[in-house]
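Enquirer: Kindly generate the corresponding structure for this input.
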Amino acid sequence: MKLERELEKWFGYPSFRPGQEEIIQAVMEGKDVLAVLPTGMGKSICYQLPALLKKGTTIIVSPLLSLMEDQVQQLRSEGIKNVVAINSFMSLGEREEVLRSLFDYKLIYISPEMLQSEYIQRKLKDLYISLLVVDEAHCISQWGHEFRSDYLRLEAARKQVGNPPCLAITATATPHVRKDICTYLGMTEYASFIHSVNRPNIAIAVESFLGIDDKLQRLFELVESLEGPGMVYFSSRAWTEATARKLQERGMKGVNFYHGGMTNEDRLLIQQQFMHGELNVICCTSAFGMGINKNNIRFVIHFHYPTQMESYVQEVGRAGRDGEKSIAIVLFSEDDRGLARLLSQREQLSEEQIRELLMLLTKETHISTGFEAKLCAHVGCSEVAWNNVKVSLEEIGVVNEGEIRRFSLDSVADMLTKKFSRYHRTKQKQLTTFESWLHSRACRRAGLVHYFEEHTFQKQLDCCDRCGVTFERYCTQEKQKDRKPDSNDLKLNWKSELQQRLFGESR
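Expert: Here you go, the predicted model:
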């Protein structure tokens, strides 16, 4: 079978992007596959094309409802109608209608939570499932940056639906996370395709500021001068809303905000407006990131920096998916350190909190959704921290399918305390490593690829603020005309008008 011919027939692309064809070939051969392909390199084609070519049905597990809906709509717009997403956006009646007609679909997108349903598993057993795809597979690792506890149950779900071949695919995974992916999915013999996280078309820069006012003013300058579309990341929902309103007050059109506190309907609306060019700038938290497949994002700015390198790579990877020049800028001030540590600590639990949580569990026989919310509020722990506890309790048999069994409070508390101590050390190391990268005088790109245990990359123009960036290239045409740069500004090693804002120059 000529895979390139099939690629053009189904999707209109004359050739594969680097890394795609060998992954697809291994999937077509029925192998388990672990694939790490950088953002913007077309991960979805690696399972969509085999799904159309193989006999039977392909199940795609995706962690985000908006991502599922986006991919389904995109496939349907390309004339591929036998695709559906099973998720909580559906009414009960719509879901029943889909489950009655599962044989009509070649591609079924489903959330990991839905795949746990015994009822849905029984329905899927009636199908010949030729491939199980685990998208954003890094979510399976508790040491990764976007852990989803329901991903840990995918091996059991895989067995329930006939143990089909599995493609685990992601854009970012350290060797430790890759090992977790294979372990938790039961992949013992598999083909592995690990590609560099480096995106040469994205220039990287870090600017440092003494205070928040200067940083905010610089953000306004950048958003107003850089060619869009663009994204600005914040660590706070309040910051996304306030900054979007301020930009609107300054006369900027096509600006809005996005965060996890919005309703599903509002979030989906904002995403679709951005995807279709009705919005030009999104002020967002990390809730807007994974799975956003807009080709022409030209800039990504971090007003608050993430707490680990994996998150940074995922978020800046939203830019330049069309291969054209784009830029990623981190705006840093010393005030940000406290916020970063606060966010990191929200995932932790003290020994006192662990004991209090376990005491509450001894008084219950079953874990319900309402109980979980009350538990977190009473103990003062985040959803992420509780999910880590619940996974550990399931692993030792204290919790089984929501039922709570009797346990020794002291021994379980000791086990959880040791685990959270290790977890805390890991998260602190990740944060410290990222902050060291922000302060480094060396090439930003070299530090980034080294973190993922890559050791070589090709030198390039417009690499980073340490190696040189021609900032003018990333401005709108109007701003380029307005600027009157001198010879030093044209090749901006970020040492001209920004000199006082850089780590190496201001420290």
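
Enquirer: element containing residue 52, please.
Expert: In the assignment (DSSP states H and E), residue 52 maps to helix 45-53.

Enquirer: Give me the residues contacting that helix.
Expert: Helix 45-53 is contacted from outside by 1, 3, 6-7, 10-11, 13, 16-17, 20, 23-24, 27-28, 35, 37, 58, 60, 75, 80, 106-107, 130-131, 133, 135, 167, 169, using C-beta atoms under 8 Å, 6 or more residues apart in numbering. Yep, even glycine has a C-beta here, placed from its N, CA and C like the rest.

Enquirer: could you point out the longest helix in this protein?
Expert: helix 409-439 (DSSP state H).

Enquirer: Work out the gap between that helix and the centre of the chain.
Expert: Helix 409-439 has its C-alpha centroid displaced from the chain centroid by 21 Å (C-alpha atoms, centre = their mean, to the nearest Å).

Enquirer: Buried ones in the helix or strand that comes right after the helix holding residue 52, by neighbour count?
Expert: Counting by DSSP H and E, the element after helix 45-53 in chain order, helix or strand, is strand 57-61. By neighbour count on 16 or more other C-beta atoms under 10 Å, the buried set for strand 57-61 is 57-61.

Enquirer: and what of stretch 266-282?
Expert: Under 16+ other C-beta under 10 Å, the buried positions of stretch 266-282 are 267-268, 270-271, 274-275, 279-282.

Enquirer: quick one: terminal-to-terminal distance for that stretch?
Expert: 14 Å (C-alpha to C-alpha, to the nearest Å).

Enquirer: got a list of contacts for it?
Expert: With C-beta under 8 Å, 6+ apart, stretch 266-282 has contacts from 65-66, 69-70, 89, 223, 228-232, 247, 252-258, 262, 287-288, 292, 294.

Enquirer: Among those, name the buried ones.
Expert: Buried among the contacts of stretch 266-282 by 16+ other C-beta under 10 Å: 65-66, 69-70, 89, 223, 228-232, 247, 252, 254-258, 262, 287-288, 292, 294.

Enquirer: ok, back up a step: tell me what the longest helix of the chain is packed against?
Expert: Judged by 3 or more C-beta pairs under 8 Å, 6 or more residues apart in numbering; DSSP states H and E, helix 409-439 is in contact with helix 309-316, helix 336-345, helix 351-362, helix 383-395, helix 444-451.

Enquirer: rewinding a little: biggest separation within the buried residues of strand 57-61, which pair?
Expert: Greatest spacing in the buried residues of strand 57-61, by C-beta to C-beta: 57 and 61 (13.4 Å).

Enquirer: Any idea how many residues pack against residue 441?
Expert: 9 (other C-beta atoms under 10 Å).

Enquirer: What of residue 152?
Expert: Around residue 152 there are 22 residues (other C-beta under 10 Å).

Enquirer: give the contact list for it.
Expert: 140, 184, 391, 394.

Enquirer: picking up where we left off before, which members of the contacts of helix 45-53 are positioned in strands?
Expert: Among those, the members found in strands (DSSP state E) are 35, 58, 60, 107, 130-131, 133, 135, 167, 169.

Enquirer: Is it possible to get CSV of those residues that adds pLDDT and distance to residue 438?
Expert: Compiled in CSV, those are given as follows (pLDDT from 0 to 100; distance: C-beta to C-beta, whole Å):
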residue, pLDDT, distance to residue 438
35, 95, 30
58, 94, 41
60, 94, 36
107, 93, 41
130, 94, 45
131, 95, 41
133, 95, 35
135, 91, 30
167, 96, 35
169, 94, 29
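
Enquirer: quick one: which of these has the most company?
Expert: residue 167 (31 neighbours).

Enquirer: quick one: it from residue 262, how far?
Expert: From residue 167 across to residue 262, the span is 32 Å (C-beta to C-beta, to the nearest Å).

Enquirer: residues in contact with residue 323?
Expert: Contact analysis of residue 323 by C-beta under 8 Å, 6+ apart lists 40, 201.

Enquirer: Dihedrals phi and psi, it?
Expert: phi 90, psi 0 (degrees, to the nearest 10).

Enquirer: hmm, back to that, residue 153 is nearest to which of the helices and strands packed on helix 409-439?
Expert: Nearest to residue 153, of those and by C-beta to C-beta, is helix 383-395 at 8.5 Å.

Enquirer: Where does pLDDT dip in the protein?
Expert: Low-confidence segments of the chain (pLDDT under 70): 1, 66, 142-146, 289-291, 477-507.

Enquirer: any idea what sits nearest residue 335, other than its immediate chain neighbours?
Expert: residue 212 (5.8 Å; C-beta to C-beta, 6 or more residues apart in numbering).

Enquirer: thought that neighbour was touching residue 333?
Expert: Yes - using C-beta atoms under 8 Å, residue 212 is in contact with residue 333, at 6.2 Å.

Enquirer: Of the two, give the one with the bigger neighbour count.
Expert: Neighbours per residue, other C-beta under 10 Å: of residue 212 and residue 333, the larger number sits with residue 333, 19 against 13.

Enquirer: show me the contacts for the closest residue in space to residue 191 that isn't next to it in sequence.
Expert: Leaving aside its chain neighbours, residue 191 sits nearest to residue 26 (4.2 Å; criterion: C-beta to C-beta, 6+ apart). Taking C-beta under 8 Å, 6+ apart, we find residue 26 in contact with 33, 191, 193.

Enquirer: May I ask which of those residues has the most neighbours?
Expert: So for those (other C-beta under 10 Å), the most neighbours sit at residue 33, 27 neighbours.

Enquirer: ok, residue 361 touching residue 404?
Expert: Yes - in this structure, residue 361 is within contact of residue 404 by C-beta under 8 Å, at 5.8 Å.

Enquirer: Show me where the stretch 51-200 of the chain has its helices.
Expert: 65-77, 92-100, 112-115, 118-125, 154-160, 175-184 (DSSP state H, counting those that start in this stretch).

Enquirer: now the third one: how far from the chain's centre is it?
Expert: Distance of helix 112-115 from the chain centroid (C-alpha atoms, centre = their mean) equals 18 Å.

Enquirer: do the fifth one as well
Expert: Chain-centre distance of helix 154-160: 23 Å, with C-alpha atoms, centre = their mean.

Enquirer: got it, and the longest one?
Expert: Centroid separation between helix 65-77 and its chain, computed with C-alpha atoms, centre = their mean, is 17 Å.

Enquirer: Run through who's touching it.
Expert: By C-beta under 8 Å, 6+ apart, helix 65-77 touches 44, 48, 60, 62, 83-85, 87-89, 107, 109-111, 135, 264, 267-268, 271, 275, 290-293.

Enquirer: again, but for the second one
Expert: With C-beta under 8 Å, 6+ apart as the contact definition, helix 92-100 has outside contacts at 84, 86, 90, 105, 120, 123.

Enquirer: what does the shortest one give?
Expert: The contact list for helix 112-115 (C-beta under 8 Å, 6+ apart) reads 59, 61, 63, 86-88, 120-121, 148, 150-151, 153-154, 157.

Enquirer: For ChimeraX, what selects the buried ones among those?
Expert: Buried members of these, defined by 16+ other C-beta under 10 Å, are picked up in ChimeraX with:
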select :59,61,63,86,87,120,121,148,150,151,153,154,157
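
Enquirer: could the contacts of helix 112-115 go into CSV alongside distance to residue 216?
Expert: Shown next, in CSV, are these (distance: C-beta to C-beta, whole Å):
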residue, distance to residue 216
59, 46
61, 40
63, 32
86, 43
87, 38
88, 37
120, 48
121, 51
148, 34
150, 38
151, 37
153, 43
154, 43
157, 46
